[in-house]
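K.L.:
need a 3D model of the sequence below.
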Amino acid sequence: MKNKHEPEPRNSKEKKGKKAGNKPVLLAAGIALLALAIAYVLTVILPAMTPAPTPTPTPPITTPSTELTTVRLVKLVDDSCGNCFNVEEMAKAVKRTGVQVSAEKTVSYDSEEGQKLVADNRIEGVPTLVAVVESGFEKIPEPFTKLMDNRGGGVYVFHRLIPVYVNVSTRETIGAITATFLNDPDCLKCVNLSREGLPPDYLQALGITISIKLSVDYNSDPGKELVRKYNITKVPTLLYSKDFAAYPNLRKQLLEIGTQESDGTFVLRTYNPPYRNLETGNVEGYVKFIYLVDEACEECYAPEIHRTILKKYNADPVSETVYDIGSKVGKEYVEKYNVTKVPTLLISPEIALYPSMQTILGQAYSKEPDGWYVFTNFQTLPTANYKDLQSGQVVIQNKSVTKEITVPV
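P.N.:
Below you'll find the predicted structure:
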């Protein structure tokens, strides 16, 4: 269906561009877990001893011990938890604090020895690390005491639980997220995980565990139930099970773009078009590009650079059309939008639906009364040559650029 704001091409010089594909990024983020490695090095100070100034007998001069604090490590684990955090990373962190490890072993928390460690040291979850100090009590390194909680009697326990872990009281696994992607099978330009694969894999690279990945069509029976239960108004969207709350940094970031429901489920509420509005039934966010050019300007920049730039903001057009300013339609656009410099780009009103585009639209484009956007800030393309229609002169910013050359971004 043609946009009601867009005139029909009516000149033989007008050229239709090819449609472009679109794979918007649903969720971008840089989310990172708290680093466990502590890069401190223990320094041992040997204070100088001076004799007393009087001739009276003095006590023998002694030298403080330089013996390092020695600990025995016990790695307390749940053998049945394949997704649990790697306890070896905890042990590596402790070894970097300046203590000397005399021995280490792995113990299952549901064994007799493990149950005693849990009970005696108020352990709430596994995997965790228990350190028993054997010597050097007087000068335990500060990095060690920051990483390990003192439970008394020379016993220390790793200072926090890192997902995925098992709650030893309830035996519930905490932090193993189920990711559900709610698809629109009829929207070919929308992200569809059945075709393109699941995107949450990037979370696993950050140490956040996705244990189950589901792809559900919104118009299937399970999909309809999700739409009803969580009052979902747009698809595609993404849901995480309540376990996402076990990652404080992830939870903080997600709650800026979505909601946590009463059952703990996270639902993405910030959408990158195109998407289907379930209240209207329409797909929204199909963007059209119109390029206005002066075909006689050999020095002018290639306007397709706008597509390259805007694609970084997930704004891929569904159609692109080129009009020469000497054509009938080109002249109409120049007059309608008071275009004073070419080449330039006109973007259809649907671009306003893209959250990622708001900043660049404000900086480089003018919004017209009919909702279309016109590129006007040529300072954002400092190496691009263009023609000033008021003076009739070509403004040369980069002598090496011609119409056939794409300006590097």
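
K.L.:
where in the stretch 1-150 of the chain is pLDDT low?
P.N.:
Counting by pLDDT under 70, the stretch 1-150 of the chain shows low-confidence ranges at 1-66.

K.L.:
got the residue ranges for the helices in it?
P.N.:
87-95, 112-120, 142-147 (DSSP state H, counting those that start in this stretch).

K.L.:
just the element for Ser366, please.
P.N.:
strand 365-367 (DSSP states H and E).

K.L.:
other SSEs contacting the helix or strand just after that strand?
P.N.:
Downstream of strand 365-367, the next assigned helix or strand under DSSP H and E is strand 373-375. In terms of contacts (3 or more Cβ pairs under 8 Å, 6 or more residues apart in numbering; DSSP states H and E), strand 373-375 is packed against strand 344-347, strand 365-367. For every residue, glycine as well, the C-beta is placed using N, CA and C.

K.L.:
got the contact list for Tyr333?
P.N.:
7, 290, 292, 323, 339, 346 (Cβ atoms under 8 Å, 6 or more residues apart in numbering).

K.L.:
ok, what's across the strand from the spatially closest residue to the last one that is not a sequence neighbour?
P.N.:
It refers to Leu346. Computed as Cβ to Cβ, 6 or more residues apart in numbering, the closest residue to Leu346 that is not its neighbour in sequence is Ile290, at 4.1 Å. Ile290 has these beta-bridge partners by DSSP bridges: Thr321, Leu346.

K.L.:
pretty sure Ile290 is touching Ser319, no?
P.N.:
No - the pair Ile290 / Ser319 is not scored as a contact, 9.0 Å apart, by Cβ atoms under 8 Å.

K.L.:
more crowded one of those two?
P.N.:
Taking other Cβ atoms under 10 Å, Ile290 and Ser319 do not tie; Ile290 has more neighbours (24 against 18).

K.L.:
show the pLDDT at the more buried one.
P.N.:
Each residue has a pLDDT score; the one for Ile290 is 98.

K.L.:
what residues does it make contact with?
P.N.:
Counted by Cβ under 8 Å, 6+ apart, Ile290 has contacts 6, 320-323, 333, 345-347.

K.L.:
mind listing residues that contact stretch 355-372?
P.N.:
5, 270, 272, 310, 313-315, 337, 346-349, 351-352, 373-377, 380.

K.L.:
that should have said stretch 387-402, apologies.
P.N.:
Under the criterion Cβ under 8 Å, 6+ apart, residues 294, 297-301, 325, 334, 339-342, 378, 381-386, 407 lie in contact with stretch 387-402.

K.L.:
out of those residues, which are buried?
P.N.:
Buried by 16 or more other Cβ atoms under 10 Å: 294, 297, 299-301, 325, 334, 339, 341-342, 378, 381, 384-386, 407, out of these.

K.L.:
hmm, Asn385 is touching Tyr301, no?
P.N.:
Yes - in this structure Asn385 lies within contact range of Tyr301 using Cβ under 8 Å: 5.6 Å.

K.L.:
what about the contacts of stretch 387-402, which are in helices?
P.N.:
Under the assignment DSSP state H, the contacts of stretch 387-402 contribute Val334 to helices.
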